[in-house]
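1. Any chance you can model this:
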Amino acid sequence: MSKHYQAAVVGGGPGGYVAAIRLAQLGVKTVLIEKDKLGGTCLNRGCIPTKSLLHSAEVYKTVLEAEKYGVTAKDAAFDYAKISARKDSVVAKLRKGIEYLEKKAGVDVIYGAASFVDAHTLAVNDDTVTADNIIVATGTAPARIPIPGIDLPGVMDSDAVLAMTGCPKSVVIIGGGVIGVEFATLFSALGVKVSIVEMMDEILPTPDQEIAALMHKKLTQGGVEIFTGAKVEKIEPGLKVHFNQNGSKSVSGEAVVVAIGRRPVTDGLMLEKAGVSMNRGFVVVDEYLRTSAPHIYAIGDVTGKVQLAHVASAQGLVAAHNIAGGTKKMRYDIIPSCVYSEPEIASVGLTEEQARKTHSVKVGRFSTAANGRSMIMGESAGLVKIITEEKTGEILGCHIMAPRATDMIGEVAAAMRAEGTIEELADTIHAHPTVSEMIMEAAHDVEKLCVHQ
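-> The predicted structure follows:
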């Protein structure tokens, strides 16, 4: 029997489950439809499980290096099955938290695959749901690259890596972007032989080039073999990856991880029945998150905008407010991005290369090696780099490679959102000793007035 709602949200990832709660908070009777588990890719097969594995690897590496901190720790070892089980425990606890929050907010949750019957009707589990407004939040899945051998046993995408309960002795990672670098960090910390094959001229092609080069150096110093400017041609049995890098080359591993891009999940959704326009499989939205059907919205990775969990959540809040009668617009100019490498990388705003194309800039830098807290933590690689507009002092971008970089970037994002200047950032007293005072030091360096370098 069909049930009617003021709003229906299709997809319970970080965009969808947040949108459903906010809609309910705003007095909108809402149903959330999820075909698998609440939390989506981020919680179940992405952000959270990856970081749990990385933390376990960090703990193991710290134990191995305990002697240099004056601590004796003999016979250090890891049990990957237990590392994986802890990851699953963290994920399950957080998922139960989301389920509780939906119930607390008064959101009805239906588990099942939804498809459009018409612009206001969704078919779910041999029944139908009608809604005045609908939010599509179905996300993305790992992309498949059309190369021979991609279906061989032992060739896996990110989902399969996170499901492993054993640790291979060697891994070839195809793709040196964020996902590839995080997996390289994980496995190399556990003593696995790691090779990265990246088609671009440098790993991490999105962040600042200076930061990318520093991470390249850090990974190679840790034993990771990196091939850039390398196009994969085929994978042979025995998991031998052939690629062209100024000539034919190959590298082998016990496992091959394909970490190249993601594709929108819209199969079976029947969006055409609702009159929703698409572009290369992604749902087209305007700045209010509306699709070509005015009462249907789309948020998260399926929009093809910025494929980050925190962007999906922000889009969910914007769409929810608009359904409830608001006129909020989505902004994409001040979005932090993070790489959970060792040390971490975080960025917001323009890179130096981008800024110089349209602005007269000043750049301030401060080295991780000169920061007392980082020295205490045993880390010397990295820097904080701040790009500013020369005449006005407007903060155009910030790029950090340092311990706790992912926690620190929010400070600069907040300053940029409030239209703060580099002078205000420089004059903000930071606690000592902290890693975050590197931001203040880099701000001082914009005017070449840094005391500690």
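2. Show me the beta-bridge partners of residue 388.
-> On the basis of DSSP bridges, residue 388 is bridged to residue 362, residue 395.
3. how deep is it tucked in, by neighbour count?
-> When neighbours are counted by other CB atoms under 10 Å, residue 388 registers 25. All C-beta atoms are positioned from the backbone trio N, CA, C, and that covers glycine.
4. Same question for residue 228.
-> Residue 228, neighbours per other CB under 10 Å, totals 16.
5. just residue 30 next, same as before
-> Look at residue 30: counted by other CB under 10 Å, it has 29 neighbours.
6. distance of it from residue 271?
-> Distance of residue 30 to residue 271, given as CB to CB, to the nearest Å: 20 Å.
7. to the chain's geometric centre, what's the distance from stretch 34-45?
-> 15 Å (CA atoms, centre = their mean, to the nearest Å).
8. Report the buried residues of it.
-> By neighbour count on 16 or more other CB atoms under 10 Å, the buried set for stretch 34-45 is 34, 35, 37, 38, 39, 40, 41, 42, 43, 44, 45.
9. next one: stretch 231-244
-> For stretch 231-244, burial by neighbour count (16+ other CB under 10 Å) applies to 232, 235, 239, 240, 241, 242, 243.
10. can you pull out the helices in the stretch 51-200 of the chain?
-> Assigned by DSSP state H, counting those that start in this stretch, the stretch 51-200 of the chain shows helices spanning 80-105, 158-163, 178-189.
11. Of the ones you listed, flag the one that's most buried.
-> The highest mean neighbour count among the helices of the stretch 51-200 of the chain, using mean count of other CB atoms under 10 Å, belongs to helix 178-189: a mean of 24.
12. elements contacting that helix?
-> helix 47-64, helix 158-163, strand 170-174, strand 193-197, helix 209-221, strand 337-339 (3 or more CB pairs under 8 Å, 6 or more residues apart in numbering; DSSP states H and E).
13. do you know how far residue 280 is from residue 303?
-> 12 Å.
14. out of these two, which sits in the busier spot?
-> Per other CB under 10 Å, whichever of residue 280 and residue 303 has more neighbours is residue 303, with 25 against 8.
15. Next, give phi and psi for the nearest residue to the more buried one once chain neighbours are set aside.
-> Distances taken as CB to CB, 6 or more residues apart in numbering place residue 285 nearest to residue 303, at 5.1 Å, with adjacent residues excluded. When read as degrees, to the nearest 10, the backbone of residue 285 gives phi -130, psi 160.
16. Check what pLDDT residue 285 gets.
-> Residue 285 carries a pLDDT value of 98.
17. circling back to that earlier point, how about the buried residues of stretch 34-45, which pair is most distant?
-> The span of these, defined through CB to CB, is set by 35 and 42 at 15.7 Å.
18. For stretch 148-163, give the mean pLDDT please.
-> 96.
19. May I have the distance across that stretch, first residue to last?
-> 24 Å (CA to CA, to the nearest Å).
20. which regions of this structure sit below the pLDDT cut-off?
-> By pLDDT under 70, the weakly predicted segments of the chain are 1.
21. One more pass at 80, please.
-> Across the chain, residues meeting the criterion (pLDDT under 80) sit at 1, 206-207.
22. Make JSON lines out of the helices and strands packed on helix 178-189 and add distance to residue 247.
-> Below are the helices and strands packed on helix 178-189 laid out as JSON lines (distance: least, CB to CB, whole Å):
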{"stretch": "helix 47-64", "distance to residue 247": "34"}
{"stretch": "helix 158-163", "distance to residue 247": "30"}
{"stretch": "strand 170-174", "distance to residue 247": "18"}
{"stretch": "strand 193-197", "distance to residue 247": "14"}
{"stretch": "helix 209-221", "distance to residue 247": "21"}
{"stretch": "strand 337-339", "distance to residue 247": "30"}
